[in-house]
Each structure stands twice: as structure tokens, then as C-alpha cells.
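Visitor: Mind looking at a prediction? Sequence and model below.
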Amino acid sequence: MSSASKIAIVGVGQVGGAVANAIILTSLANEVLLVETEFSRRASQVQDLADVAFSRKEDTAVRAASYKEAAQSDIIIITAGSKHFIAFSRAVSSGCSDVLGQPSMDYTDRNISIVRGIMKEMSPFRSDAIIIVVANPVDLLTSIVQELSGLPRHQVLGSGTFLDSVRLRGIVASELKVAASSLDIYVLGVQGESQVTAWSTARLGGSTLTKALPPHSLDFDKIADECRERAQAIMQVKGATPYGIASVVASTCRSILLDKRNVRPLSHFQPEFGCCFSLPALIGRQGVIGTIHLALDDAEDARIRDSARKLKGRLESIKKSVLEDN
Ligand SMILES: NC(=O)c1ccc[n+]([C@@H]2O[C@H](COP(=O)([O-])OP(=O)(O)OC[C@H]3O[C@@H](n4cnc5c(N)ncnc54)[C@H](O)[C@@H]3O)[C@@H](O)[C@H]2O)c1
């Protein structure tokens, strides 16, 4: 554990609670601060999570906190927001399958407004704080938080496609019957419908996957679809996807607090596009230390550029009402 580290979680519903649990179980921080607008939920989460802390040898103090206290933490994780579920169930019941997996405008506007309110309440942040945005749509909200937080760009990142990449690696490993750790494979770009599986750079034991395998060993399109659609399938049944995201967020906190300098596909600022989306990033105590630019094939590169331009267009269109009015 690094010295006197403090991690704040803003919004402790299903995902925020699971993130806190993962952080406590891995003894990453001395203090975990919970910020939540529903005070009774926050009190219950504090009590339940304190039991997790009591069960560990290392002490992690779990307590309720104000926005201002949370802003003085080493890491601030934003999981506040409503989830897709309402939009998703409406789409299912109305037979509107084309909107499945796409955040509705209502939902997006609600989460923009929540994040904007949080930035107002929390600012100013501790000068070396790192913010990790988890709430969806993650790339849009990460870009907005970056504008509003007042922190240097490299100190604001989003969970992006880290979970999708981990999931993809797991699916491919089980298809090929190899250890997941022998695969190096990323999902990149704007998370969700437009995310891109970087098959051209995927590696098995150092060789590109396409060279290492006999032709037609993997159905690349089917696997990419399965990876993209899995979150919605889980949401449809249990209403949330807390554990996978909690695990990758805790791992990101570890990279930051322990200055691990490992490469993770996280959403971060891309100067060429003026917005945040996922490319492999070197992560340490300062947040994003650098971007690793992979030699993607032309089609993958074009798809990432296209979705980045659309994201930037969306950002520009809300900039007047959201960012300049702050
Ligand atoms: N990036 C990813 O891969 C990923 C994965 C899973 C979920 N998510 C997103 O995480 C978010 C949370 O999902 P969930 O399942 O935990 O939802 P949830 O409804 O269970 O929890 C959200 C919590 O945020 C709280 N909240 C709302 N406004 C707040 C504010 N201004 N300040 C503090 N707290 C506030 C709510 O009261 C609630 O407790 C959603 O946007 C969801 O889409 C992202």
C-alpha cells in the first residue's frame, strides 16, 4: 500500500459499491471515501463495505465524505449516473432493436448534467489528483470532465475499452485453448457501438495472431460482436455489470498508486482529435505518461478516426450549453 493513500468514489450504486469492494479487497488505499446523493444508500454502503475492511488484515477506513473532501484524494472515481437500463428496456419493449446498445439522448443528457454538477461541487481538486471516469457514455464524459476539472489533461482518464479488451482476450483465449496471458490484444477507439478490435496488431506469444494461426481458426467478426454485446446481455438479466468494471478500475488504481507504468487501453486525451477515447496508454502516478500508437491496418485506423470525429462533433455541439456556461 502506498503511504496514506486515499481513493474517493462518487456515486456508490452497483458499480461504485463493487469498485469500493475491489479496492478494499486488494488493500490499495488507507482510506476509501464514498460520496452519494442518496444518503441512506451511502450509509448502508459504508456499513457493508466496512465489514469487508474488517475481514482484511490491512486496515482500510471506509467513510462517507463530502464532494470537497473527496476532491482532496489521490484518485477520484466517478461512477455517478443513471445507467442504460431504462433506455435499453424501453427499446426492447418497443421492438426498437436498432437502438440497442446506444445510449439514448435523455440518458446522455442526464449523465452530462450529473457530471457537470459534480465538477462544480468538487472543484478545486488536489493538484496531483487523478480522476477516473466510469459513468457512461464514458468517452464523452471523460472529455467533459477534462474540460471542467481544471486538472492537467494527463490526470483525467476514463475506463474506456479496458474491460472490453480484457473480455476479448478471455474469449479468444478460451476459443484457442491458450492462457489469456499469452495474448496481447486490444479493443480501441470510442467505447460502445463504434469500438474497434485491433485484430491486425493482436499477438500470440510474440507473433501476430493472423500469422500464428491456420486460416479460419477464428471467426473475428463473431468474436468482436460477442465482446461488444456481452454487457447488454448481462444488463438485460441483472440490470448492472458491476464486477468486471470494478476489477479493471481497481487494477487502474493500482497502476497509478504504485506507479506501475504498465500499458492499458484507457480513454485519454488525443490532441489530434480534441477529445478522449481509448488507445493503449502508459499509466503511472502522474496518470497518462504517454500514448502507444499501434500500427493498425487502414480499415481499423479509418474506423477509429471516423468515430473520434463524430465524438468531437458531439462535444462541440454541447460545448455551448455545458462547458462555456460553467
Ligand atoms: N464504463 C463502463 O465500462 C461501465 C460499466 C458498467 C457501468 N457503467 C456506468 O456506470 C454508471 C453507474 O452504473 P450503476 O449500475 O452503478 O448505476 P446505479 O444507478 O446503481 O448507481 C449510480 C449511483 O450514482 C448516484 N448518483 C447520481 N447522481 C449523483 C451525484 N450527483 N453525486 C453522487 N452520486 C450520484 C445514484 O444515487 C446511484 O447510487 C452508469 O453510467 C453505467 O452506465 C460503466
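Guide: Received it, and whenever you're ready, just let me know what you need. Residues are numbered from 1 along each chain as shown.

Visitor: How about the residues of the stretch 201-326 of the chain by the ligand?
Guide: The stretch 201-326 of the chain comes close to the ligand at residues Ala240, Thr241, Ile245, as judged by CB under 6 Å from any ligand atom. From N, CA and C alone the C-beta is placed, and that goes for glycine too.

Visitor: Endpoints of stretch 53-68, how far apart?
Guide: Terminal residues of stretch 53-68 are spaced 24 Å apart (CA to CA, to the nearest Å).

Visitor: er, stretch 291-307 I mean
Guide: 18 Å.

Visitor: quick one: the helices in the stretch 201-326 of the chain?
Guide: Ranges of helices in the stretch 201-326 of the chain, per DSSP state H, counting those that start in this stretch, are 209-212, 220-238, 242-257, 298-318.

Visitor: and these as a markdown table, adding distance to Gly287?
Guide: A markdown table is the format used below for the helices of the stretch 201-326 of the chain (distance: least, CB to CB, whole Å):
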| stretch | distance to Gly287 |
| --- | --- |
| helix 209-212 | 30 |
| helix 220-238 | 25 |
| helix 242-257 | 7 |
| helix 298-318 | 20 |
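
Visitor: Pick the most buried one from the ones you listed.
Guide: helix 242-257 (a mean of 21; mean count of other CB atoms under 10 Å).

Visitor: For the stretch 1-150 of the chain, give me the ranges with low pLDDT.
Guide: The model of the stretch 1-150 of the chain has pLDDT under 70 over residues 1-3, 84-105.

Visitor: so how far is Glu272 from the residue in it positioned nearest to the ligand?
Guide: Taking CB to the nearest ligand atom, the ligand has its nearest neighbour within the stretch 1-150 of the chain at Gly13, 1.8 Å off. If you measure Gly13 against Glu272 using CB to CB, to the nearest Å, the figure is 35 Å.

Visitor: picking that back up, as TSV, the helices of the stretch 201-326 of the chain with mean pLDDT would be great.
Guide: Putting these into TSV (pLDDT from 0 to 100) gives the following:
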stretch	mean pLDDT
helix 209-212	86
helix 220-238	92
helix 242-257	98
helix 298-318	95
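
Visitor: for those helices, which one sits closest to Val196?
Guide: When those are compared by CB to CB, helix 298-318 sits nearest Val196, at 4.8 Å.

Visitor: how far out from the middle of the chain is that closest one?
Guide: 18 Å (CA atoms, centre = their mean, to the nearest Å).

Visitor: Show me what that helix is packed up against.
Guide: Here helix 298-318 touches helix 138-149, strand 196-197, strand 275-284, going by 3 or more CB pairs under 8 Å, 6 or more residues apart in numbering; DSSP states H and E.

Visitor: can you map out the strands along this protein?
Guide: Secondary structure of the chain (DSSP state E): strands at 6-10, 31-35, 61-64, 75-78, 130-133, 156-158, 183-184, 187-188, 196-197, 203-204, 207-208, 262-270, 275-284, 287-291.
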